[in-house]
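Novice: heads up, no residue letters with this:
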């Protein structure tokens, strides 16, 4: 603008030729893109916001936690292909957890959080086409808040997992932002997280019509899980009861059907997986098979069940053993016949092989949460009653037990969690939460140095990935990691 | 005053009378040595005297020479000065030779013409003649080796394909590929539309490099400006010219790859037990053949013997000798008020690839008309081009790409039957039909782009009073492209398309750029020593793009040209939606600039120049960052005008120039693209806006929507701080001319792809976060070795050195990009890979260097290093030799680059030495002698049981010296009838060769390329043409 006045004095007509008024000139500089689906346009209507929520579900993942808890704890042993030494043998640093082993919750969960935060920001102004849209709007907000809480809780389990209010959690993202954020305390983190869940519960559908999307019971399940990790025993018991009331244990004969997706007993929320969409959970442990020239070649077994877990079941009477494992006669020496079959899907070399829905909350877990809470509250009889109820639904010819002490109860409950929740992404987090060591049998460990990860070792928390440290000057690394 | 066209000056000077004391009166005519036309305005002075006249409109002159004076000096801008002894002559006709080196007298910056003595910046200028006749479809390919500081590298030999140009290094990270701004007679033109422009119309090409020179272009000139002026008419001179050219293009020599022949390949396959290959499959040593019947054994031996006799010459089969031809007619004429130039041109070149060609039709009309205080100049070109693209340009890394198959295909494949028909169909390793399918594909498919090009500008100026001129320029550049991809329904390749019956994709895109510049310029000389010029400018640039495209399937097999008659598309069971096979998009942007320029010259000794401007653009989303104010300043000291230099007689020119300024860089702002079938439409703000894409969740029928880019609403324009110091010298009566420029450019607010915190949900973001520097030296020298009436020998050399350094990346210290690493402290383009140290003699495993300097055979332990060099050449240059004996002349141009390392992906494939590769890729002969086979072998390449991947062994020195161009010409003198009627004024017959020879340690086809890696490039052809220019 500096020379405008001078030029005006000389000859305003010249400007007229080029530009009839400054409004027109400003239009030149303010030319907008008309064809980009960006910003406000993308989430313009309620229907668009539903698309945004579906976009968040599309990124939802429990598979990483399933594999991570198996590999880093005592659920599996090395089989035919081994390239996760840094995780399995607890050698990880902030660089190779990212590069080689791909256990980085950071981009995964914050991406979902960003997606729901964009919906939460756009939703109030979203164009509604009527009453149905208005109702949908409330549900979408509930789903967004639930997913935000769920993802933050997953992040917490990897990088924080402490019940001490002053310990560092992570950043609790409530708005989409490109700015770096520092870690906040566990206390602050869960104030936000609990508020999200409480709000979500008011909005989520109070029915189980669509288990592929979040509902009221999912939120109760998450509240129970959160309370357990925070050692808020009364709340844990209350929320677990809410879930159990809404969704009782499966009949024992139908338990196996949960895992083949023949039924969805006990499950309030699961992530849909099909041969073409969402990935194959079973492939975390065994690759898919192929038939070449009429000969079946069973996929490469990357992880087989640890002897510790294999031997922990009553293999005759416990229906979980048959649901979770398989002895495959087609696998002959040198291949090992023991397979993890929890997510085996349909027959070998079929499209549905290794395809199974990712179950997020189950009634079995709620019984275990409530039992642990009751034991902590010194209600040993109540704890035993929950454990007995659960086992009766899993083990034929089961006889009830009683607990002599709180410690005995806790030990038994933890052992039951190991068996009930095997390969569901809980084991390592449970050990950390209870300040227990990872203890492998000598026959399970890849070498003598990797039988035990002592209780309280810094590696019970994952390092903040180096890529995050480089990109975010505000973030603090977890204790014990140098970079 | 300096803004007056030089020719006008000449005309005005005609009124100067010959007023000196009578002694000898001499007359004659000054003509252009090339075409024999008279040159008006030539300054004719008496050596050692004060007398001087100018030639008239026809080139004639009259001069009275004082007694005792014996030598006349003839000089004119753009021509080499001539000194002639008078002797007893009464008439003296002189033919002046134009000189590329001497053209520097006037510098055209696009907004003004500046006298070199007052020019503070760094620019290099060449004559349009140097590119006019080079047989390449896009003239920028001909600039290599001509201009110091400018790297011109060709990425493709497709006729009409433009080169990649970098002026003074890569100035940006995100905008590393940004091309300089091309401006034709003041009207900008997209860098990649050169296939539809006739370079024969070019008068001069000037490359602007520093801040002071590019200041007038502001935000559009960040990466430099190439200013082109086209030919104009001359007052009183009418010239009619016909030009033609005919020649051939040839494929380069592939022998450099040193590939195995059929026998060697079969034996290598056997030796390495390559499953599925004939060499092993039919081998008697294959255990699978141990227990087969004698008949089967005989059959195997027969097959091996038959295959061994096929040794296809892929270069011969896949390439052709292309024909290149052109015709042009032009005419220039003028009076002192009106000057015109017309031309019509036709250019037709076949590529060496079987399907590629370029046809171009152009016309140009330039008119300049002055009435009193008004002047109007209208310069227009219209062009239409038809480009047929090679299949290789479409497929890239694919067995459909002839540029890949020429080295990859096994030579025991025979693509032709005895009757000449192509053998095509399902391909297996034992029954190869890859080349057959490729050839069938070329025959039955096409990819064309037809472009209509308009580049037109009308400048209107009005001299209010002699010292104040107002001017308005309106420029329109339109490129309208029609794109077509067609695959015949009835062909084999057509049966491989979706719905098994051909494919027709058509798209159209119109790109229009409008520029309007208004200016008021005050120019006056006070007391004959204070030369002042002040200008105020206002400018609007608006760009529009619109495109549409569609795809048709299930074509009618009876037809072979378009989608006419295409059948219905079947619907899959359960399908609930129909896909759209058509799309459209638009994009636009605007730039608004205010700027002012001031210049003051004192007594021709000192000139200072300053510019200040404000650019505003819609290319930036954030309205607070849209406007940027920048400035530049410069000075030149003409030392020969100093009193203390008046006695010296060594130098004929000695100037010191300096400039500093800030240039914004709009060209580096990353853009997105909207798809519209075959074409993309630029999404100018795309990467700054948070964009969404679709995604699917199996648990819902609703299509998911997810953010795909984070957007950055904080982005601002990066800018480059440019410092330039230059020195111009001439001595030995201008016979030796030398220019040296030293520069230091510092890009700040650099566009960097910064890794993002995970909390953002994205991986990285384009931000302004870094600093990059380019420092260098440029050198240009011309030397007239011999200069007589009959013999001229001159030499030109230019060399430049550029050192790039990434000073800062903001929050991060490094990230990876392709084969190289972007790291603070390294130069842009530094290769980053494993250091391969050969095969372990004991085991044959590949040996790598570890991060701590030890060696390992475990790839997981290998470190990656950035010590292998850079794909951008540090040193580039060229030299030319011009010699003339009477009418015969020879011009030779060599270009070179060194301190450059490129990733030879082709070599990686042919020397990979693993079964995975050599089942499908013909090997290099080096594998026969330099691959580990048994314990104790000292070999470069590892045992075939192991792989070494991509390593330092693929990085090769890509320096080269290229014999770029040779022109041998004969100037045919005037031809008259017996009665004295002129039939032709003059003519020139020439033979020209392009890309004649290359010397390089590079073990690929061509070390020259426009990127870091070589794999599938359309090789640059060798071209030889004969040409004739006739002046009537």
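Specialist: Received it, and whenever you're ready, just let me know what you need. Quick caveat: nothing in here was measured; it's all calculated off a predicted structure.
Novice: OK, contacts around the nearest residue to residue B:548 once chain neighbours are set aside?
Specialist: Leaving aside its sequence neighbours, residue B:548 sits nearest to residue B:584 (CB to CB, 6 or more residues apart in numbering or on different chains; 4.0 Å). Where C-beta positions appear, they are placed from N, C-alpha and C, glycine not excepted. With contact set as CB atoms under 8 Å, 6 or more residues apart in numbering or on different chains, residue B:584 has these partners: B:546, B:547, B:548, B:549, B:676.
Novice: just flag the most distant two among those.
Specialist: Within those, two members stand farthest from each other by CB to CB: B:546 and B:549, at 11.5 Å.
Novice: who has more neighbours out of these two?
Specialist: More neighbours surround residue B:549 than the other of residue B:546 and residue B:549, with 23 against 16 (other CB atoms under 10 Å in any protein chain shown).
Novice: contact partners for the residue nearest the centre of chain B?
Specialist: The centroid of chain B falls nearest to residue B:163 when counting by CA atoms, centre = their mean (2.7 Å). Residue B:163 makes contact with B:138, B:140, B:141, B:143, B:144, B:152, B:153, B:154, B:155, B:1010, according to CB under 8 Å, 6+ apart.
Novice: and the nearest residue to the fifth one once chain neighbours are set aside, what are its bridge partners?
Specialist: Spatially, and ignoring its direct neighbours in sequence, residue B:144 is nearest to residue B:152 (4.1 Å; CB to CB, 6+ apart). Beta-bridge pairing for residue B:152 (DSSP bridges): residue B:165.
Novice: residue B:152 - how many residues pack around it?
Specialist: Using other CB under 10 Å, residue B:152 is surrounded by 23 other residues.
Novice: grab the nearest non-local neighbour of residue B:863.
Specialist: Computed as CB to CB, 6+ apart, the closest residue to residue B:863 that is not its neighbour in sequence is residue B:851, at 3.2 Å.
Novice: hmm, I typed the wrong one, I wanted residue B:819.
Specialist: Leaving aside its chain neighbours, residue B:819 sits nearest to residue B:903 (4.8 Å; criterion: CB to CB, 6+ apart).
Novice: kindly report the same for residue B:996.
Specialist: The nearest residue in space to residue B:996 (CB to CB, 6+ apart) is residue B:963, at 4.3 Å.
Novice: mind showing which ranges of the chain have poor pLDDT?
Specialist: All of this is about chain A. Scanning chain A for pLDDT under 70 picks out A:1-25, A:95-101, A:483.
Novice: that answer is for a different chain, and I need it for chain B
Specialist: By pLDDT under 70, the weakly predicted segments of chain B are B:1-22, B:34-36, B:77-78, B:98-106, B:860.
Novice: circling back to that earlier point, between the contacts of residue B:584, which is closest to residue B:709?
Specialist: The closest of these, once distances to residue B:709 are taken by CB to CB, is residue B:676, at 19.3 Å.
Novice: residue B:509 is in contact with that closest one, correct?
Specialist: Yes. Using CB atoms under 8 Å, residue B:676 is in contact with residue B:509, at 7.1 Å.
Novice: list the residues that contact both of those two?
Specialist: What both residue B:676 and residue B:509 touch, as defined by CB under 8 Å, 6+ apart, is the set B:547, B:548.
Novice: and residue A:129, how many residues sit next to it?
Specialist: Should you count by other CB under 10 Å, residue A:129 turns out to have 11 residues around it.
Novice: which residues touch stretch B:833-846?
Specialist: B:819, B:847-849, B:855, B:857, B:859, B:862-865, B:867-868, B:931-933, B:935-943, B:945-955.
Novice: would you mark the buried spots in it?
Specialist: B:833, B:834, B:835, B:836, B:837, B:838, B:839, B:840, B:844, B:845, B:846 (16 or more other CB atoms under 10 Å in any protein chain shown).
Novice: can you list the residues of the stretch 51-200 of chain A near chain B?
Specialist: By CB under 8 Å from any CB of the partner chain, the residues of the stretch 51-200 of chain A that approach chain B are A:51-52, A:54-60, A:104, A:106-107, A:110-115, A:118, A:171, A:173, A:176-181.
Novice: now, of those residues, which are buried?
Specialist: Neighbour counting by 16+ other CB under 10 Å classes A:51-52, A:54-60, A:104, A:106-107, A:110-115, A:118, A:171, A:173, A:176-178, A:180-181 among these as buried.
Novice: ok so, going back, taking the contacts of stretch B:833-846, please make a PyMOL selection of just the buried ones.
Specialist: Buried members of the contacts of stretch B:833-846, defined by 16+ other CB under 10 Å, are picked up in PyMOL with:
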select buried, chain B and resi 819+847+848+849+857+862+865+868+931+932+939+940+941+942+943+946+948+949+950+951+952+953+954+955
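Novice: just the ones of the contacts of stretch B:833-846 in strands?
Specialist: Mapping the contacts of stretch B:833-846 onto strands (DSSP state E) picks out B:847, B:848, B:849, B:855, B:864, B:865, B:955.
Novice: just give the nearest non-adjacent residue to residue 153, would you?
Specialist: By default, I'm working from chain A. Nearest residue to residue A:153, sequence neighbours excluded (CB to CB, 6+ apart): residue A:226, at 6.0 Å.
Novice: I was after chain B.
Specialist: The shortest distance from residue B:153 to any non-neighbouring residue, by CB to CB, 6+ apart, is to residue B:1010 (4.6 Å).
Novice: SS state for the one you found?
Specialist: coil (DSSP: H, G, I helix; E, B strand; the rest coil).
Novice: intersect the ones in strands among the contacts of stretch B:833-846 with the contacts of chain A.
Specialist: Of the ones in strands among the contacts of stretch B:833-846, not one also sits near chain A (CB under 8 Å from any CB).
Novice: which one of the residues you listed is nearest to residue B:782?
Specialist: Among the ones in strands among the contacts of stretch B:833-846, residue B:955 lies closest to residue B:782 (CB to CB), at 36.9 Å.
Novice: what about the closest one, distance to chain A?
Specialist: According to CB to the nearest CB, to the nearest Å, residue B:955 stands 23 Å off from chain A.
Novice: excluding its backbone neighbours, what's nearest that residue?
Specialist: residue B:868 (4.7 Å).
Novice: list the contacts for that neighbour?
Specialist: Going by CB under 8 Å, 6+ apart, residue B:868 touches B:830, B:831, B:833, B:835, B:901, B:952, B:955.
Novice: just checking, the second one touches residue B:955?
Specialist: Read it as residue B:831. Yes. Taking contacts as CB under 8 Å, residue B:831 lies within contact range of residue B:955: 5.5 Å.
Novice: what is in contact with the two at once?
Specialist: Counting by CB under 8 Å, 6+ apart, the residues touching both residue B:831 and residue B:955 are B:868, B:869, B:901, B:903.
Novice: wait, a helix at residue A:145?
Specialist: Yes. Assigned with three-state DSSP, residue A:145 falls within a helix.
Novice: quick one: contacts for it?
Specialist: Residue A:145 touches A:116, A:120, A:196, A:197, A:199, A:200, A:203, counting by CB under 8 Å, 6+ apart.
Novice: the residues you listed: which two are farthest apart?
Specialist: Among the contacts of residue A:145, A:120 and A:197 lie farthest apart (CB to CB), at 14.4 Å.
Novice: narrow the buried ones among the residues of the stretch 51-200 of chain A next to chain B to those in helices?
Specialist: Under the assignment DSSP state H, those contribute A:51-52, A:54-59, A:106-107, A:110-115, A:118 to helices.
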